[in-house]
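Asker: Prediction below, plus the sequence it came from.
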Amino acid sequence: MTSDQIRQVILEILERIAPDEDLTDLDDVRPFREQMELDSMDFLDIVMELRKMYRIQIPEEDYSNLNTMAGTVEYLLPRLKDVAVGA
Amino acid sequence: MSVQDRIVITGIGLTSPNGNSLAEFRQNLLDGKSGVVNYETRYIGPVLAGVCNFDELRYQKKKDIRRGTRAGSIAVYCANEAVRDSGLNWPSVARDRVGVYIGITEHGNVETENEIYEISKFQYDTKVWSHHHNPRTVANNAAGEVTLNMGITGPHLTLGAACAAGNAGFIQAAQMLRLDEVDIAIAGGVSESIRTFGIFASFSAQGALATHEDPTKACRPFDINRNGIVVAEGGGICTVERLPDALARGAKIYAEIIGYAMNSDARDFVLPDANRQAECMQLAMKRAKINADQIDIVSSHATATEQGDIEEASALRRIFGDSKAVINNTKSFIGHAMGAAGALEMLGNLPSFDDGIAHATINLDDVDPRCALPNLVINQPRELGNVSCILNNSFGMLGINSVVILRKFVG
């Protein structure tokens, strides 16, 4: 998957777990929590969705890499580089 | 009894398979309109059920609905509707003096089944079991979701009382108000049970799940051709207050709770016991300081099972056989709303204090002689004139019985 494809996957996950939010103008370098209502249980939903979709295990010590869209994409890129979209 | 111990209902919120407000529900009960429909369940396929269709987003965000439970959503909707109906100036209400007491038949089955279904798609890998499972399945879920939604910081309990639960919510409310634990109780019962296949499968295995080619005719309490329960979802929740508080704020008073009782059969896991049911009704009337002749309407619990209807009819004949009380049944319209049943059945009858009419029990074409009752309101509503007292029966598995008696409030 490319960076753009990963970004799109994360965006779709966010739309599912925060269905009341308008994510059109999401700033990739600002923390998610500054731009939307996202508590710890929601954050775990992101981790869970990635686990379900790509069988990727994200250890708790790595959670801080997922604070922003840019950080999330950067963290996931090497881990999903051999994964096809929709796999 | 001290005036402080007099307990009244001041606001009503409900969702039933045939109405999302008291006015709509009542009209459909008078019009004989059923809310039972064909329904698809996971694993089983087509069944019959009472399904609610209320505006979930009136009081919740999409995210709240996703995170919580159906029981929670029903409770949140009904509680908000009740408070709105009560005329309480909610922003100025001391939230630490509000208690939430909601009866429920079972909880956690829906959410657990959903999770097991989900992990089945991942070869039962428990690592994809949701972190939302525990807050969704704790037994206080429905009442807890109400407190979260409404900013209530007083006590909350979801009362597990099988199908006697709707009454149990009101009884708990009356007791807590009398103990001065709270100033306002948000009380009643809810059910999400149609969302679990297990309820249907278990009743089916027991030979107690209704079938009929016409869903609206499937629930047939006291009829010779009844063949079981129609499971329903729903909720009925009220604001309940001490009489002086309600009078002081000029509240509309729907009714006074003048008596109640709960007891246990101590006999069987599923079979009811007419003797204990009769004792429960007698105890409620004793506490209300009235006798059977003063009851105008008996809202029966009958679920359209073989033995259940026979037992309740036996208990009713014993107590009301020679009285003026008429007997009706709400399940015949909406099915068995489980934890909400007692509450919805009480509330559906409550407008008779104003209109003087007893709604019927429908689908009663051929009364089972073993269920014969002198004053059954059969298929058509009956004009009674003045209605002063309603007795509401609600019974459940493991032999739990509850009775609430309401009296028309005359200021």
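Answerer: Yep, that arrived. Residues are numbered from 1 along each chain as shown, chains lettered A, B, ... in the order given.
Asker: B:Leu209 touches B:Ala49, doesn't it?
Answerer: No. Counting by Cβ atoms under 8 Å, B:Leu209 sits too far from B:Ala49 to count as a contact (10.4 Å). From N, CA and C alone the C-beta is placed, and that goes for glycine too.
Asker: Pull up the overlap in contacts between those two.
Answerer: B:Val231 (Cβ atoms under 8 Å, 6 or more residues apart in numbering or on different chains).
Asker: These two - which one has more neighbours?
Answerer: Between B:Leu209 and B:Ala49, counted using other Cβ atoms under 10 Å in any protein chain shown, the more crowded position is B:Ala49 (26 against 22).
Asker: Give me the domain ranges for chain B.
Answerer: B:3-248, B:259-407 (automatic domain parsing).
Asker: Just put the ones you listed in JSON lines and tack on mean pLDDT and distance to A:Gln8.
Answerer: Shown next, in JSON lines, are the domains of chain B (pLDDT from 0 to 100; distance: least, Cβ to Cβ, whole Å):
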{"stretch": "domain B:3-248", "mean pLDDT": "98", "distance to A:Gln8": "21"}
{"stretch": "domain B:259-407", "mean pLDDT": "98", "distance to A:Gln8": "43"}
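Asker: and chain A, which of the ones you listed is closest to it?
Answerer: If you check each of these against chain A by Cβ to the nearest Cβ, domain B:3-248 wins as the nearest, at 3.9 Å.
Asker: Figure out the helix or strand that B:Trp72 lives in.
Answerer: Heads up, residue B:72 is Gly, not Trp. helix B:70-86 (DSSP states H and E).
Asker: So which other helices or strands are in contact with that helix?
Answerer: strand B:7-15, helix B:62-67, strand B:98-104, helix B:141-150, strand B:184-191, strand B:234-242 (3 or more Cβ pairs under 8 Å, 6 or more residues apart in numbering or on different chains; DSSP states H and E).
Asker: Off-centre distance for that helix?
Answerer: 14 Å (Cα atoms, centre = their mean, to the nearest Å).
Asker: Buried residues, it. List them.
Answerer: B:70-83, B:85-86 (16 or more other Cβ atoms under 10 Å in any protein chain shown).
Asker: from memory B:Ala360 sits against B:Asn375, does it?
Answerer: No. B:Ala360 is not in contact with B:Asn375 according to Cβ under 8 Å; the separation is 11.9 Å.
Asker: Looking only at neighbour counts, state which of the two leads.
Answerer: Ranked by neighbour count (other Cβ under 10 Å), B:Ala360 and B:Asn375 place B:Ala360 first, with 23 against 18.
Asker: could you list every residue that touches the residue in chain A that chain B sits nearest to?
Answerer: Nearest residue of chain A to chain B (Cβ to the nearest Cβ) works out as A:Pro19 at 3.9 Å. Each residue near A:Pro19 by Cβ under 8 Å, 6+ apart is listed here: B:61-63, B:66.
Asker: which of these are buried?
Answerer: Buried, going by 16+ other Cβ under 10 Å: B:61, B:63, B:66, out of those.
Asker: Find the nearest non-adjacent residue to B:Gly13, please.
Answerer: Using Cβ to Cβ, 6 or more residues apart in numbering or on different chains and skipping the chain neighbours, the partner closest in space to B:Gly13 is B:Glu81 (2.8 Å).
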